[in-house]
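Chemist: Any chance you can model this:
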Amino acid sequence: MDEELKPCPFCGTDATWTDGEAPNGDTIFFIGCKQRGCIAYWRDNHNYFYSIENAIEMWNRRVDENGHE
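Modeler: Numbering: from 1, shown residues only. Below you'll find the model as predicted:
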């Protein structure tokens with residue numbers, strides 16, 4: 001994992017990631033904000049990915065004020 005996580009797009013706090021186990025035994029990855037109470041707080045995040053690279057790519061994706069990536 002070479003890419004750094006961008007700060008939370010909602011509050012600017014640092015992000016974190018963790019891994020877990022899916023019901024089928026696969027390793028899954030979660031990324032979210034470290035700020036408790038933020039809409040993107042990592043423990044409340046139910047979006048998961050099967051690779052850390054995909055998780056980071058999705059977390060770091062941002063749109064401009066016109067809704068373009």
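
Chemist: Spatially central residue in this structure, please.
Modeler: By C-alpha atoms, centre = their mean, the chain has its centre lying nearest to residue 31, at 2.7 Å.

Chemist: ok, it - contacts?
Modeler: Shown in contact with residue 31 (C-beta atoms under 8 Å, 6 or more residues apart in numbering): 5, 15, 16, 17, 42, 45, 49, 55, 56, 58, 59. The C-beta positions use only the backbone N, C-alpha and C, and glycine is treated the same way.

Chemist: Among those, which lie within strands?
Modeler: Among the contacts of residue 31, DSSP state E puts 15, 16, 17 in strands.

Chemist: Now for the first one, how many residues are close by?
Modeler: Looking back up the chat, that one is residue 15. By the criterion of other C-beta atoms under 10 Å, residue 15 has 20 neighbours.

Chemist: How many residues are close by residue 5?
Modeler: Neighbour count for residue 5, taken as other C-beta under 10 Å: 16.

Chemist: is it true that it touches residue 14?
Modeler: Yes: between residue 5 and residue 14 there is a contact under C-beta atoms under 8 Å: 7.5 Å.
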